[in-house]
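> could you work out the structure for the sequence below:
(one chain, ligands or ions: 1)
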Amino acid sequence: MFHKSLLFSLLLVILSACKPGQKNAAPALTIDPYQYTINKKVIAENGAVVSAHPLASKAGVLILRSGGNAVDAAIATQLALAVVYPNAGNLGGGGFMVAHLQDGKTLALDYREMAPGAAHRDMYLHANGEADTDKSQLGHLSSGVPGTVAGLFASHQYARLPFAQLIQPAIDLAEKGFIITASEARSLNYLQGDLKKYNTVPPVFVKKSPWKEGDTLIQKDLAATLKRIQKKGAAGFYEGETARLIVEEMKRGTGLITAADLKNYTAKYRPPHAFDYKGYKIVGMPMPSSGGLLLHQMMKMIEDRNIGAMGFHSLQAIQLMTEVERRAFADRAEYMGDGDFYKVPVAMLSNDVYLQNRMRNYDPAKATPSSIIKPGELLRAESEETTHLSVIDKEGNAVAVTTTLNNSYGSRTVVGGAGFFLNDEMDDFSIKPGVPNMYGAVGGEANAIKPGKRMLSSMTPTLVLKNGKPYIVVGTPGGTTIPTQVFQTLVNMLEFNMSTEEAVYKPKFHHQWLPDEVMTEKGFPPAVKEAMQKMGYSFSKERGGIGRTECIRVLPDGRFEAVADNRGDDAAEGF
Ligand code: DON
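So this is what the prediction gives:
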């Protein structure tokens, strides 16, 4: 697809430093960052990676070919995304990993950002009590303490190759550069104003003449940061030079993150949120992501309604799914937040009787307005208690990772001298009860800001197991639309018997309780829209693509069908 007179082949350096007992040097393999194609679908026998950028998917497969497992490949893909997909791939953000390992173990790793120690509940309110969403969404004050690097190292215990080897493709891509796609050029051009406004040191992304497809992006500062991580491990980010650069950036821009905040950051393994659906086991992320629980609620609210027989995009099916989505999101607003700080009644919210009760006022003939769908009444008090990548290998390991800066390019602030964007994840907290965040989501006490607390997420990295083995690996970006897109992709596959491509590409829709409207993308059936309007539904303006779903399904013969969304540069690779 791309041509450049100077064709450079990036040589993956196979480093000699191996852990005891691990496979030794694999043959040298290459990625060509100056000439590459975007594959939307592969059928692979040995392993597959689907991510938002072809070079990142290639980095993952290169690691698989070098003897790495799916966890190794997920780490290398995330690091490469931090270079080639600065919109969302990151060092300065956070994410979640859901994995199923060869030995049958399932994992949920939380490396969500944390509120800085000096953060407080009303930090985004003006003196008159009004919310200031500019401050929670843009610039230094919008950043939580980054979790990604801690997460990568926490996941590395399940990997096979040395971290130094997994980070090398990212270093090479940053240092030697890669050519950008048309959509990257467009988004960087769109960003120029914000880059000037929210940066104290002009970052490499600022350019006098417009970016265009085929331009080379070299990121020397970022390469230096990656090398510090390569040399010193997580301390190469949370301590020393990188930490110093982050803290200085915060001081220049009146942000809150301190050296102590960075040093204290920890990634946490948590019990995955798992449930059964018609014989499948669905494994997702627990709090502080609402994703696993919302998916659970939505799947259970349709389980006994024979949605398969209603037909894909039938009025009946869409109306049912809309009502289910509405009810789940009403609960999100009231009850969900970081379980380390707020007692989220997870068991009750996913109780079968509770969910049946939630559907009692469901009427297939008309809309149930959100004004009468309050968050569910708990049966009794609970007793004690934005980019996605999918990877699979032939050993039986499957990894779903969703990672984010929140908004595209996060806070728009690049750490001066360190070359990476900081997140604007603080906006995922409820900055004031009832005030919508950038995705329109509302919340209250459960998701109020507290120092050290993690903001509620919608990210839904998900695995579906069949007979205890990986069957589907799926996830998407898209803010609050994430759980509803994963829900619809799974319903498409498990209930409407669609092919993986159809399940991913077919137009999607979304309802999140408030605002009380159905959001649709191009291709939503106009007759259904009209019929639903007559039933009392409001529709928001049709929007561009909803989500960018990356999905792998294991075929009956054991091969992997890996499908990248056609809503972006997303690419599937395998071998
Ligand atoms: O964690 C969340 O729910 C959001 N920060 C995700 C943001 C996102 O998906 C942006 N992508 N479009």
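> tell me where the model's unsure across the stretch 451-575 of the chain.
For the stretch 451-575 of the chain, no stretch is flagged by pLDDT under 70.
> my error: substitute the stretch 251-400 of the chain in the last question.
Within the stretch 251-400 of the chain, the set of residues satisfying pLDDT under 70 comprises 378-385.
> what residue in it comes nearest to the ligand?
Closest approach between the stretch 251-400 of the chain and the ligand, counting by Cβ to the nearest ligand atom: residue 386, at 3.1 Å. In short, each C-beta sits where N, CA and C put it, glycine included.
> from memory that residue sits against residue 475, does it?
No - counting by Cβ atoms under 8 Å, residue 475 is not a contact partner of residue 386; they are 10.1 Å apart.
> nearest the geometric middle of the protein, what residue?
Ranked by distance to the mean C-alpha position of the chain (Cα atoms, centre = their mean), the top residue is residue 402 at 2.8 Å.
> on that earlier part again, give me every residue that touches the residue of the stretch 251-400 of the chain closest to the ligand.
Residue 386 is in contact with 88, 402, 403, 404, 405, 406, 408, 459, 477, 478, 479, counting by Cβ atoms under 8 Å, 6 or more residues apart in numbering.
> could you pull out the helices for the stretch 101-250 of the chain?
With DSSP state H, counting those that start in this stretch applied, the stretch 101-250 of the chain shows helices at 133-137, 148-155, 163-166, 168-176, 182-197, 220-232, 235-238, 240-252, listed in chain order.
> got CSV for those helices, with mean neighbour count and distance to residue 102 too?
Formatted as CSV, the helices of the stretch 101-250 of the chain follow (neighbours: other Cβ atoms under 10 Å; distance: least, Cβ to Cβ, whole Å):
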stretch, mean neighbour count, distance to residue 102
helix 133-137, 19, 41
helix 148-155, 25, 15
helix 163-166, 24, 19
helix 168-176, 24, 24
helix 182-197, 16, 36
helix 220-232, 20, 27
helix 235-238, 22, 29
helix 240-252, 19, 34
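> will you turn these into TSV that also has distance to residue 544?
As requested, the helices of the stretch 101-250 of the chain are exported to TSV (distance: least, Cβ to Cβ, whole Å):
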stretch	distance to residue 544
helix 133-137	20
helix 148-155	27
helix 163-166	34
helix 168-176	28
helix 182-197	12
helix 220-232	29
helix 235-238	34
helix 240-252	32
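> relative to the ligand, which of those is closest?
Evaluated over the helices of the stretch 101-250 of the chain, closeness to the ligand peaks at helix 133-137, with 10.9 Å, by Cβ to the nearest ligand atom.
> residues in contact with the closest one?
For helix 133-137, with Cβ under 8 Å, 6+ apart as the criterion, the contacting residues are 124, 141-142, 407, 411, 424, 426-427, 429, 431, 435, 437-438.
> now stretch 177-190
Stretch 177-190 is contacted from outside by 2, 4, 33-35, 38, 55, 83-85, 87, 205, 207, 210-219, 408-409, 568-569, using Cβ under 8 Å, 6+ apart.
> once you drop chain neighbours, what's closest to the residue of the stretch 51-200 of the chain found nearest the ligand?
In the stretch 51-200 of the chain, the residue that lies nearest the ligand is residue 88 (6.6 Å; Cβ to the nearest ligand atom). Taking Cβ to Cβ, 6 or more residues apart in numbering, and ignoring the residues beside it in sequence, residue 88 has residue 387 as its nearest neighbour in space, at 3.9 Å.
> ok, that neighbour - contacts?
Neighbours of residue 387 in contact, by Cβ under 8 Å, 6+ apart: 51, 52, 81, 85, 87, 88, 89, 402, 403, 404, 477, 548.
> contact residues of the stretch 451-575 of the chain facing the ligand?
Contact residues, the stretch 451-575 of the chain versus the ligand (Cβ under 6 Å from any ligand atom): 457, 458, 459, 477, 478, 479, 482.
> now secondary structure too, for the residues you listed, in a markdown table please.
Written out in a markdown table, the entries for these read as follows (DSSP: H, G, I helix; E, B strand; the rest coil):
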| residue | secondary structure |
| --- | --- |
| 457 | strand |
| 458 | coil |
| 459 | coil |
| 477 | coil |
| 478 | coil |
| 479 | coil |
| 482 | helix |
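> from the contacts of residue 387, which ones fall inside helices?
Restricting these to those inside helices, with DSSP state H as the criterion, leaves residue 81.
> most surrounded residue in the contacts of residue 387?
The most crowded member of these, judged by other Cβ atoms under 10 Å, is residue 51 (34 neighbours).
> just to revisit the earlier point, excluding its backbone neighbours, what's nearest the residue of the stretch 251-400 of the chain closest to the ligand?
Excluding the flanking residues, the one nearest residue 386 by Cβ to Cβ, 6+ apart is residue 477, at 3.4 Å.
> repeat for residue 220
residue 175 (6.8 Å).
> what does residue 323 give?
Leaving out its chain neighbours, residue 323 is closest to residue 362 (Cβ to Cβ, 6+ apart), at 5.3 Å.
> can you tell me which residues contact the one you found?
320, 323, 368.
> same thing with residue 41?
Contact analysis of residue 41 by Cβ under 8 Å, 6+ apart lists 501, 561, 562, 563, 564, 572.
> show me these that map onto strands.
Counting by DSSP state E, the part of those found in strands is 561, 562, 563, 564, 572.
> from the residues you listed, which would you call buried?
With neighbours counted using 16 or more other Cβ atoms under 10 Å, these contain these buried positions: 561, 562, 563, 564, 572.
> now for those: which two are most distant?
Using Cβ to Cβ, these reach their maximum pairwise distance at 561 and 564, which is 11.4 Å.
> select the longest helix from the chain.
The helix spanning the most residues in the chain, taking DSSP H as the definition, is helix 315-335.
> which strands and helices sit next to the next helix or strand after it?
Taking DSSP states H and E as the definition, the helix or strand that follows helix 315-335 towards the C-terminus is helix 346-349. Contacts defined by 3 or more Cβ pairs under 8 Å, 6 or more residues apart in numbering; DSSP states H and E place helix 346-349 against helix 291-303.
> after the helix it packs on, which helix or strand is next?
Later in the chain than helix 291-303, the nearest helix or strand by DSSP H and E is helix 307-310.
> run through who's touching that following helix.
Counting by Cβ under 8 Å, 6+ apart, helix 307-310 makes contact with 316, 317, 320, 321, 491, 495, 496, 497, all of which sit outside it.
> chain neighbours aside, what residue packs nearest to the first one?
This means residue 316. Spatially, and ignoring its direct neighbours in sequence, residue 316 is nearest to residue 310 (4.2 Å; Cβ to Cβ, 6+ apart).
> now that neighbour: how far from residue 236?
Here the distance between residue 310 and residue 236 works out to 54 Å (Cβ to Cβ, to the nearest Å).
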